[in-house]
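Enquirer: Just to be clear, the model below is a prediction. Sequence and coordinates:
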Amino acid sequence: MAFDLNSLLAFIIFGVTIGVVYGIVALGISLIYSGLDIVHFAHGEMYMFGAFFGLVLAENVGLPYPVALVGAMIITAVVGMLVERVFYRRLTRAGGGYTVAGMGMIICGFGMSVAMVNVAYFIWGAEAEPFRANLDYIPRLQFPGDIEVPESYVLTAIISVILMFTLHYFLRYTKPGLAVRAVAHNKDIAYLMGINVPLMISLIFGVACALAAAAGVLIGPMQSVQVEMGYLMLMKAFAAAVVGGFGSLPGAIIGGIMVGVFENLGAAYISASHKDIYAFLLLILVLMIKPSGLFGVEAKVKA
Amino acid sequence: MKLKNKLLTGALIASVGFGAAITYADDIRVGITMRMVSENGQAYGQMMMDEIKGINEAGGINGHMIKATLMNDECKSDKGVANANKLVFQEKVHLLIGSSCSSVTLPIVDVTAKAGVPQLVPHSTNSKITQKGSEWVFRVPVSGRYYGGVNAKYVGENIGTKIAYICAADAASVGDCANMEKQMKARFGVEPAYRADVQEKEVDFRAHMQKIKSMNVDGILVAALAETMARALVQSYEAGIGEDVRRIGSSSASNAPVPKIAGDAVKGVFFAAAYAAADQRPIAKLFNEMVKQRYDIHAPDHDFSQAYDLVRIMEIALKNTALTGSLADDRTAIRDAIANVKGYEGLASGPISFCAAATPQCRDGNRTAVLIGYTKGGENFETEVLARVTMEEDFGLE
């Protein structure tokens, strides 16, 4: 494709809008990793469940889109906490990371992913469902050079920024946020300091799943909602988390945006048919230059 | 003691053999493998089973009952081939029906050719299915080579020749794109203004749409399975491509998920298919009513009509088959009876005829495509018939 500045700007804008969604899911993955030392492989399914919850609340219950978004986040958070409490707790109690329990946790995550997909099939069926959100109150953004950013993309950017700042505020300036950070730093010392560690772990899971749900509800109006939507998003979010530095929350967002922009530019100027490769090319590039990711620490050794 | 054992063994073998002969004489075994992951897919399968049940309740075929086995291949070629092998070699079916998806039907053609089992194709459009030269395969739906010609003629004469192509990786869509491209070149001497090959279940078309927008094309062909097509249509409007750029669908635009998911974005989309729910013939109205009552489907697409026509064609062929009790001979006799079906008039927009030669001219029995346009999207979508075209039997083969 011939190069022109307007097109370049359009591709970057669209890349950023999808990138922030990758970033939100990556944020949840990083949050769980930093808190529990585990990689949650069923996070894509939490994203899918969140999208369906949002759809049900908006279409069947008739709630306005923003209310459905919040509702889906709450329900998915509760589901995530339940999953953590019922299925993961015994494994996380035994330790994460490179321990045998950590491996068990990874396998358990895979199993949970398959189980959740099948539950979703059972409830909602295999057909994609349209998510028709009424977004008339959101303006279409106009940029020079006939570039129009649709309402759903504008809303995605706004909500994503709000979520990031809310999470930042929660972790930095609230007591539960401080407790979460303490648990992430060292569970044993957190216990000794009187923090209810299991509760905080559940909270971490809940918040991470709520973020995934938000991403699912945001992407729904753009791509419709279907049972198999979680897998590709998980892959992209992993790429974003690794590019940004696994466990780094700002890194997850920056990584997400980089993945979104990189794949859009690759699709525009190299080949749109191989769009999904670019995220992983970026991942390899970053790992070759900085193996810990852009914002990760060189060798993460927990206290 | 030894003699007693021998007698018992002999009696057992005789009884098993006699039992098998009775079963064989009584039932005509039909295996069906289809994509049944969606509500519509399940309804197609159920409708076939219901129609076969109806034949049995009316006395069967010349006194024989049809024993049908329905299997789900989920539109996955490995599952389809496994189903076909099971039906052909374990269930020992006389006739195989399948599949809904071209990418599944293509490898199944090799299974039935090798085993010598007649195969009736219910929905798959990829033109290569009948070009493999198998003497056992018969296609009830319209071949993609005819659709390509109908689309190209209408587009070139009414819309323009600067067309962007978005082609999904499933076999039907690959074939639809290739046929349209070939016909546009043959008729109007033009190459695609833009062409993108995307994954079968692609979700993000924005980069393509941005590129297409900057090219000022006359139309966009979206050749993809239903859900993928719907997403592409929605995102084409999100990218700011106006209504003046016409959207052309591949034959799967006929499937109900397209208007349901795409909503208003489907309005103005046109496509070639084998049947239009907007068809005003009495037989079509009755069929629409039946599907609505039985399966609660608002407007049956051409996959419903083709499944129905297929059962009727099967019924005609089986009635004209003199079963002998030898599986191999009966399979051959059924194949020959299908090849003798001429001028079947059903829900299809034109007559369906087969003949004996293992060529596409003989085995692509349905040559009439109907050009359909969406006038309303959503659950209660509406369509209109734009044209009805019958093609020459060797069209698209040169």
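Expert: Looks like it arrived, so ask away. Because the structure is a prediction, the values reported are computed rather than measured. Numbers count the residues shown, from 1 in each chain, chains lettered A, B, ... in the order given.
Enquirer: use CA for all of it now, contacts and neighbours both
Expert: OK.
Enquirer: which residues touch B:Gly383?
Expert: Not quite, residue B:383 is Thr, not Gly. Contacts for B:Thr383 were tallied using CA atoms under 8 Å, 6 or more residues apart in numbering or on different chains; they are B:276-278, B:372-376.
Enquirer: Repeat that for A:Glu129.
Expert: Contacts here follow CA under 8 Å, 6+ apart; on that basis A:Glu129 touches A:224-226, B:261.
Enquirer: By neighbours, which of the residues you listed wins?
Expert: Compared across the contacts of A:Glu129, B:Ile261 has the highest neighbour count, 30 neighbours, by other CA atoms under 10 Å in any protein chain shown.
Enquirer: I figured it hits B:Arg231, correct?
Expert: Yes: counting by CA atoms under 8 Å, B:Arg231 is a contact partner of B:Ile261 at 7.5 Å.
Enquirer: Determine the residues that are contacts of both of those two.
Expert: Taking CA under 8 Å, 6+ apart as the contact rule, B:Ile261 and B:Arg231 both touch A:Ser224.
Enquirer: before we move on, back to that, most widely separated two among the contacts of A:Glu129?
Expert: Using CA to CA, the contacts of A:Glu129 span at most 11.1 Å, a distance reached by A:Gln226 and B:Ile261.
Enquirer: Overlap of the contact sets of the two?
Expert: Shared contacts of A:Gln226 and B:Ile261, counting by CA under 8 Å, 6+ apart, come down to A:128-129.
Enquirer: got the contact list for stretch B:305-313?
Expert: B:44, B:47-48, B:51-52, B:120, B:122-123, B:140-141, B:274-275, B:338, B:341, B:344, B:346-348.
Enquirer: got the residues of the stretch 101-250 of chain A near chain B?
Expert: Among all residues of the stretch 101-250 of chain A, those adjacent to chain B (criterion: CA under 8 Å from any CA of the partner chain) are A:125-130, A:148-150, A:222-224.
Enquirer: any idea which of those is least confident?
Expert: Within these, the minimum per-residue pLDDT falls on A:Glu148 (75).
Enquirer: Let's verify that one: helix, strand, or coil?
Expert: With DSSP: H, G, I helix; E, B strand; the rest coil as the basis, A:Glu148 sits in strand.
Enquirer: Over to the one 10 residues further on?
Expert: When the structure is split into helix, strand and coil by three-state DSSP, A:Ile158 lands in helix.
Enquirer: what's the neighbour count on it?
Expert: Neighbour number of A:Ile158 under other CA under 10 Å is 13.
Enquirer: same check, this time on A:Val161
Expert: Counted with other CA under 10 Å, the burial measure for A:Val161 works out to 15 neighbours.
Enquirer: Tell me the buried residues in the host helix or strand of it?
Expert: With secondary structure defined by DSSP states H and E, A:Val161 is part of helix A:151-173. Judged by neighbour count (16 or more other CA atoms under 10 Å in any protein chain shown), helix A:151-173 contains these buried residues: A:151-157, A:159-160, A:164, A:167, A:171.
Enquirer: Ok, stretch B:321-335 next?
Expert: Residues B:321, B:323, B:327, B:330-335 are the ones in stretch B:321-335 that count as buried (16+ other CA under 10 Å).
Enquirer: next one: that stretch to chain centre, how far?
Expert: Distance of stretch B:321-335 from its chain centroid, counting by CA atoms, centre = their mean, to the nearest Å, is 25 Å.
Enquirer: Please apply the same query to stretch A:33-46.
Expert: 10 Å.
Enquirer: how about that stretch against chain B, any contact?
Expert: No: residues of stretch A:33-46 contacting chain B under CA under 8 Å from any CA: none, with a closest distance of 15.2 Å.
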